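Engineer: this one's structure only:
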């Protein structure tokens, strides 16, 4: 040990960053736009519709605008709560939409670059479905 130099102690180390995958500003987005974003991998993000090409578009009943999502990278995942979803327009990715209805989860494969009926429009009983997750794979 060098004279006059104190050894470093554990309290001087910077805190460890731990990713919790919680969507940033989720409460503000919910208050402003009416969609509850919960967690994701950071590769799928809520986007302004018309801001770019290749966006995923999601339509929900009683909401008079689509919700759009961008995907970057080979895969993307975003968990959310969006009730009464009835249509999703895919992009170039393979998209799977996980939805719940009456406590049961069901999945819909979204046709690339076109509209796919999901939820109420695809359900023979016409029940409301809540979109709980979108997954994208190139």
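Structural biologist: On my side now, so go ahead. Note that this is a predicted model, so its numbers are computed, not measured. Numbering: from 1, shown residues only.

Engineer: List the beta-bridge partners for the closest residue to residue 48 other than its chain neighbours.
Structural biologist: In space, and not counting its chain neighbours, residue 48 is closest to residue 68: 6.9 Å by C-beta to C-beta, 6 or more residues apart in numbering. C-beta coordinates here come from the backbone N, C-alpha and C atoms, glycine included. Beta-bridge pairing for residue 68 (DSSP bridges): residue 47, residue 57.

Engineer: Hmm, residue 68 is touching residue 53, no?
Structural biologist: No. Counting by C-beta atoms under 8 Å, residue 68 does not reach residue 53; the two are 11.0 Å apart.

Engineer: so where do the strands sit in this protein?
Structural biologist: 36-40, 44-47, 56-60, 67-71, 75-82, 85-89, 94-101, 104-110, 115-117, 130-137 (DSSP state E).

Engineer: Return the list of helices and strands in contact with the last one.
Structural biologist: Where contact means 3 or more C-beta pairs under 8 Å, 6 or more residues apart in numbering; DSSP states H and E, strand 130-137 is packed against strand 56-60, strand 75-82, strand 94-101.

Engineer: Please give me every residue in contact with residue 112.
Structural biologist: When contacts are counted by C-beta atoms under 8 Å, 6 or more residues apart in numbering, residue 112 touches 90, 91, 92, 93, 94, 95.
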